[in-house]
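Colleague: Kindly generate the corresponding structure for this input.
(2 chains)
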Amino acid sequence: MTTPTVTARGAAPTAGVPAATRPRHRRPLAQWGFVAPAVLFMLLFFGYPLVRNVVMSFQHYTPKTFFTGEAPLNGFDNWSAVFRDALFGKALWHTLVFTAGSLLGQFCAGLALAVFFTRRFPLNGVLRSLILLPWLVPMVVSGIVWRRILDQDTGVLNSFLDVIGLDGHTPWLTSPHMALLSVILVNIWIGIPFNMVILYGGLQEVPRELYEAAALDGASGWRTFRSVTLPTLRPVITVVLVLGFMSTVKILDLILALTDGGPADATQTLGTLTYQNSFVRLDFGAGAVVGNVLILISAVFAVFYLRANRTEGK
Amino acid sequence: MSKRFNRRSRRAVIPLAVVCALLAGAALTGCGRQRDGSVYTVLNSSTDETYHRWDAEAMARCGERLGVTVEQQSVPAAQVMTKALRMASSKSLPDIVQFDASEMPVFAEAGGLTDLRTLGLDTDGVPRGIVNFGSYKGTYYGAARSVNTLALFYNKDLLHQAGLKVPTTWAELRETARKLTRGKRYGLALSAGGAEDGVFQFTPFMWSNGGDETRLDGPRVVEALDYWKGLLKDGSLSKSTVGWTQADVNDQFMAGNAAMMINGPWQVETLNTEKSLHWGIARIPVPRPGAKSVAPLGGAVLTVPDTGDERRERMAGKIVGCLTSEREQLTYARHSWTVPANEKAAAVWRGQVPQLDALADQVAAARSRTARLGAGWPAVSLALQSAFQAALTGQSSQAALQRAQQRATSGN
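Modeller: As a prediction, the model looks like this:
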């Protein structure tokens, strides 16, 4: 509420006086001038690649294209080939399970930790910064370290399970039934800090008086959380989930480092399938099709997000 | 508050703009840089410090002899192809590209390479298998400096303690591996990872058994895969095999977690750092006594891209000729523990590196992965990876390979 008045007051002496003396028709031009860089940037770095990717999915785009510059249009050939491939259905399913599982795990753990850290206790700050570590480690490094930790015979996790008396022979990454779950668990570990930081920030904004009022009304801890914390936190929750979705649905690096899409395609997602089609098989048309599907999924989600935001604004 | 911020940000704008302009300028001049007449570039994957240094030294020697400067540009192995393709579309191809031999056909098929014979390179003294290794559809596009293959590495001490001989047939390998498996140690380690590594390791079993990549669901291929499954069922192979690269396999062998391994000579450099490890090397066992052990040929080839500049292409041909001369082959082969491509050089090398003698025999009978399928290899390789991983994690070999054959032929 205070920011607009501050900028308006600050801007008045400089912008207000010359505007009156300037001819009126210049103003829209100047306005366009300010908008132009943003529009240009969007067209160049978002519009162009997007359109190219859509066009490419209707082209026979192969290594030869790089030499001749010719990529003949082939209608829906790429699309039907990709959709007929059994691997596409699998990859789509894995992507949905991976995204839903990761978001659920990251969000619940992140929220629980955020609520926990709103209490005052010694070493609170130190612990909170330690939990940020997974966020600071590059994704590929995390992937490689976790691959070692989860090794069936020599991994730290199985050795630990052995020591505490549980049979430590879980084939974390080497069984097609376990691999997707393991990859999701690692991704949850990576995503917790991000969720925690944003939600913790959101919790600081919840007015103290609301809690006091709830306490006076005799609300229990759980009731206070449900009726005070969650509703006031809603905008922040939307942001966390949307950003989480965007970075999770396109997952590639973590899976390449952990399992390379294996074993037996058990962790193949739309991201790895695009990569495989475009950069291993060098069939760029097919790669573009899978990429477009990924964009489409994100777009549908973005529409929901915008709608949710609009109703909130009203 | 806002005023102070404004002033400060305006003060920052000018230096920032200057930096941006400089960066943009540098980027643009980088793109449009004119080729220096006497500087020749090689695109390769020598990102390791040692390989980069050995290549730099060889290029310096050849450059001096030919009166030019030869520079190398190294990118990770998996990026050589895409980098070269991008350079082709922006008409900025380097003078020489070093491709992994299994990737070369794709670039040749796209029309990007020059016939080395027209540039004056001959293939005298190069065994036919290695000429084919660098050829696509009968045209010689790639000259190899050295080649590698796979062999059976074994821990001499462990075999000796158990009173076992080095296995030569599949039955012996299975028996020996079973006997050497004890506690945390497996009898054998190999890579069945979901990438080219795993396929490379499967080929000697498939080929020695008479199987073929053109018919993945053929009975010989199924038999070979069943043999792998048998090793896993015996407990002689770790269940992690499906997640291991060839480097992982080497780690396991060095750590004493495996008594034998299938691997390539490029690991010798690392193996030799472990002084207490006494290892030996033998040909990969064959299905039946007396059968031929057919292993895959691996390694890189030097190619000259078609840039349309004949004068430069001819000089590039000379540089390739110098880098693949007998002397340079020997130096490179000794550094990288691989076998020189040239017959005479290989004979000298055998005398210098007697411990890898078995490897030279294996190379002589080795086969190129792309000889049959050419540019169609990547699709078949992907299908095969998925198939042996499915079979090793529970499915029947027959069903997995049938699906792989369908995927490979449907172009998906």
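
Colleague: make it CA atoms for all contacts and neighbour counts henceforth
Modeller: Fine.

Colleague: for chain A, longest helix please?
Modeller: In chain A, taking DSSP state H as the definition, the longest helix is helix A:86-117.

Colleague: Is any residue of it near chain B?
Modeller: No - judged by Cα under 8 Å from any Cα of the partner chain, helix A:86-117 stays clear of chain B, getting no closer than 9.0 Å.

Colleague: Past that helix, which element shows up next along the chain?
Modeller: helix A:124-131 (DSSP states H and E).

Colleague: and the angle for that following helix with helix A:86-117?
Modeller: On the basis of axes from the mean of the first three to the mean of the last three Cα atoms, to 10 degrees, helix A:124-131 is oriented at 170 degrees to helix A:86-117.

Colleague: so how far is helix A:124-131 from its chain's centroid?
Modeller: 24 Å (Cα atoms, centre = their mean, to the nearest Å).

Colleague: again with stretch A:241-249
Modeller: Centroid separation for stretch A:241-249 versus its chain: 2 Å, with Cα atoms, centre = their mean.

Colleague: Might you enumerate the residues of chain A proximal to chain B?
Modeller: Residues of chain A lying close to chain B (Cα under 8 Å from any Cα) are A:6-7, A:10, A:63-67, A:69, A:81-82, A:85, A:151-153, A:171, A:173-176, A:259-265, A:279-281.

Colleague: Just the buried residues of those residues.
Modeller: Neighbour counting by 16 or more other Cα atoms under 10 Å in any protein chain shown classes A:63-67, A:82, A:151-153, A:171, A:173-176, A:259-265, A:279-281 among the residues of chain A next to chain B as buried.

Colleague: Narrow those residues to those in strands?
Modeller: Among these, no member is found in strands (DSSP state E).

Colleague: returning to that earlier point: so what does the longest helix of chain A touch, helix or strand wise?
Modeller: Counting contacts by 3 or more Cα pairs under 8 Å, 6 or more residues apart in numbering or on different chains; DSSP states H and E, helix A:86-117 packs against helix A:179-205, helix A:230-249, helix A:270-275.

Colleague: what angle do it and helix A:230-249 make?
Modeller: Here helix A:86-117 runs at an angle of 140 degrees relative to helix A:230-249 (the same axes, to 10 degrees).

Colleague: Identify each buried residue in helix A:86-117, please.
Modeller: Neighbour counts over helix A:86-117 (16+ other Cα under 10 Å) mark A:87-88, A:90-92, A:94-95, A:97-103, A:105-107, A:109-111, A:113-114, A:117 as buried.

Colleague: ok, now which ones touch residue B:323?
Modeller: B:58, B:59, B:62, B:145, B:329 (Cα atoms under 8 Å, 6 or more residues apart in numbering or on different chains).

Colleague: Tabulate the residues you listed (TSV), appending distance to chain A and neighbour count.
Modeller: As requested, those are arranged in TSV below (distance: Cα to the nearest Cα, whole Å; neighbours: other Cα atoms under 10 Å in any protein chain shown):
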residue	distance to chain A	neighbour count
B:58	31	18
B:59	28	24
B:62	30	22
B:145	25	26
B:329	30	25
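
Colleague: how about those, which pair is most distant?
Modeller: Maximum pairwise distance among the contacts of residue B:323 (Cα to Cα): 13.8 Å, between B:62 and B:145.

Colleague: In terms of helices and strands, where is residue B:147?
Modeller: Using DSSP H and E, residue B:147 falls in strand B:146-147.

Colleague: residues making contact with that strand?
Modeller: B:297-300, B:329, B:332-333, B:338-342, B:363.

Colleague: Mind checking which of those residues are in strands?
Modeller: Short answer: the contacts of strand B:146-147 in strands (DSSP E) are B:300, B:339, B:340.

Colleague: quick one: residue B:305 and chain A, what's the gap?
Modeller: According to Cα to the nearest Cα, to the nearest Å, residue B:305 and chain A sit 11 Å apart.

Colleague: what's the burial count for the closest residue to that residue other than its chain neighbours?
Modeller: Excluding the flanking residues, the one nearest residue B:305 by Cα to Cα, 6 or more residues apart in numbering or on different chains is residue B:113, at 4.3 Å. Residues within reach of residue B:113, counting by other Cα atoms under 10 Å in any protein chain shown, total 21.

Colleague: Surely residue B:113 touches residue B:104?
Modeller: No - between residue B:113 and residue B:104 there is no contact under Cα atoms under 8 Å: 9.0 Å.

Colleague: Hmm, residue A:256 and residue A:183 touching each other?
Modeller: No - using Cα under 8 Å, residue A:183 is not in contact with residue A:256; the gap is 10.5 Å.

Colleague: neighbour-wise, which of these two wins?
Modeller: Legend: neighbour count by other Cα under 10 Å for residue A:183 and residue A:256, higher for residue A:183 (23 against 19).
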